[in-house]
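[1] based on what follows, work out the 3D shape:
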Amino acid sequence: MRIHTLPALAAVLALAAGCHRGSGDTSKVLANVGGQKVSQADFEAVVKTMLPDPSRAEAIMKSPGFQAQKADLVRQLAMQKAVIAWARIQGLDQDPALKAQVEGALAQTYYQAMMARRQDAARTPPSEAQLAAMYQEIKLKSKDIPPFEQVKAQLAQGYAQWTWQKELKAAVPITYSDEVGEPGA
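    Now for the predicted structure:
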């Protein structure tokens with residue numbers, strides 16, 4: 001079985017490495033990149049991110065046939081750490097345009113992870129009352145919304161994202177200048 005890496009694997013690796021860095025990771029070191037380690041725990045975190053089904057990830061990691069792919073993936077993770085380290089040595093991490101790109105990619109990676117977790121946790125579809133509440137809130141902000149029955153299916157598809165946005169705004173308040181204004185205003 002071939003595992004393809006995700007475009008945002010560098011961000012995933014950084015997140016995984018960050019999780020283990022402060023926790024006293026004592027797992028086996030698979031690579032050393034300029035003093036930074038790629039540990040077995042880092043590797044497993046990346047594989048589990050790439051294969052969200054924990055039982056499948058475990059089975060693949062324990063498979064004898066996976067060793068060549070494991071080596072390839074560890075080499076790729078090491079190369080990504082080397083590229084990041086070299087970019088920092090060259091001062092690229094201080095470039096405002098690159099900082100904005102990295103922050104955007106990191107936000108997108110976080111968003112995708114949060115939405116995947118939310119969808120995994122919410123296997124039951126939203127109730128009619130929940131969809132109606134969502135519809136009413138959207139209707140207050142938009143004048144050109146079709147009748148509820150016509151958009152109910154689309155509302156159900158967007159419900160997880162809509163509730164996530166509400167929770168995000170409650171947890172991290174956002175205010176805008178008068179020049180920018182509130183969304184939908």
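
[2] any low-confidence regions in the protein?
    For the chain, applying pLDDT under 70 flags the ranges 1-23, 120-122, 184-185.

[3] off-centre distance for the helix of greatest length in the chain?
    For the chain, the helix with the greatest residue count under DSSP state H is helix 96-121. Helix 96-121 has its C-alpha centroid displaced from the chain centroid by 5 Å (C-alpha atoms, centre = their mean, to the nearest Å).

[4] what residues sit buried inside the following helix or strand past it?
    Tracing the chain C-terminally past helix 96-121 and defining elements by DSSP states H and E, one meets helix 128-141 next. Of the residues in helix 128-141, those with enough neighbours to count as buried (16 or more other C-beta atoms under 10 Å) are Leu131, Met134, Tyr135. From N, CA and C alone the C-beta is placed, and that goes for glycine too.

[5] now do stretch 118-130
    Pro126.

[6] from one end of it to the other, what's the distance?
    Across stretch 118-130, the straight-line distance between its terminal residues is 16 Å, by C-alpha to C-alpha, to the nearest Å.

[7] contacts for it, please.
    Stretch 118-130 is touched from outside by Pro52, Met134, Leu155, Ala156, Tyr159, Ala160, Thr163, Trp164, with contacts defined as C-beta atoms under 8 Å, 6 or more residues apart in numbering.

[8] and the angle from whichever strand or helix holds Val47 to helix 96-121?
    In this structure, Val47 sits in helix 40-50 according to DSSP H and E. Helix 40-50 and helix 96-121 meet at an angle of 70 degrees, taking axes from the mean of the first three to the mean of the last three C-alpha atoms, to 10 degrees as the criterion.

[9] run the chain-centre distance for the helix or strand containing Ile60.
    Taking DSSP H and E as the definition, one finds Ile60 inside helix 54-62. Centroid separation between helix 54-62 and its chain, computed with C-alpha atoms, centre = their mean, is 20 Å.

[10] how does the protein divide up, domain by domain?
    Dividing the chain into domains by automatic domain parsing, as the record does, gives the ranges 9-115, 125-171.

[11] most tightly surrounded among these?
    Mean neighbour counts were compared across the domains of the chain using mean count of other C-beta atoms under 10 Å; the top stretch is domain 9-115, at a mean of 15.

[12] and the residue of the chain positioned farthest from its centre, its phi and psi?
    Going by C-alpha atoms, centre = their mean, the residue of the chain most distant from its centre is Pro147, 34.1 Å out. Reported as degrees, to the nearest 10, the phi and psi values for Pro147 are phi -60, psi 150.

[13] show me the contacts for it.
    Taking C-beta under 8 Å, 6+ apart as the definition of contact, Pro147 has no neighbours.

[14] any chance of the domains of the chain in JSON lines, with distance to Glu179 too?
    Converted to JSON lines, the domains of the chain look like this (distance: least, C-beta to C-beta, whole Å):
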{"stretch": "domain 9-115", "distance to Glu179": "20"}
{"stretch": "domain 125-171", "distance to Glu179": "20"}
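
[15] perfect, I'm done here.
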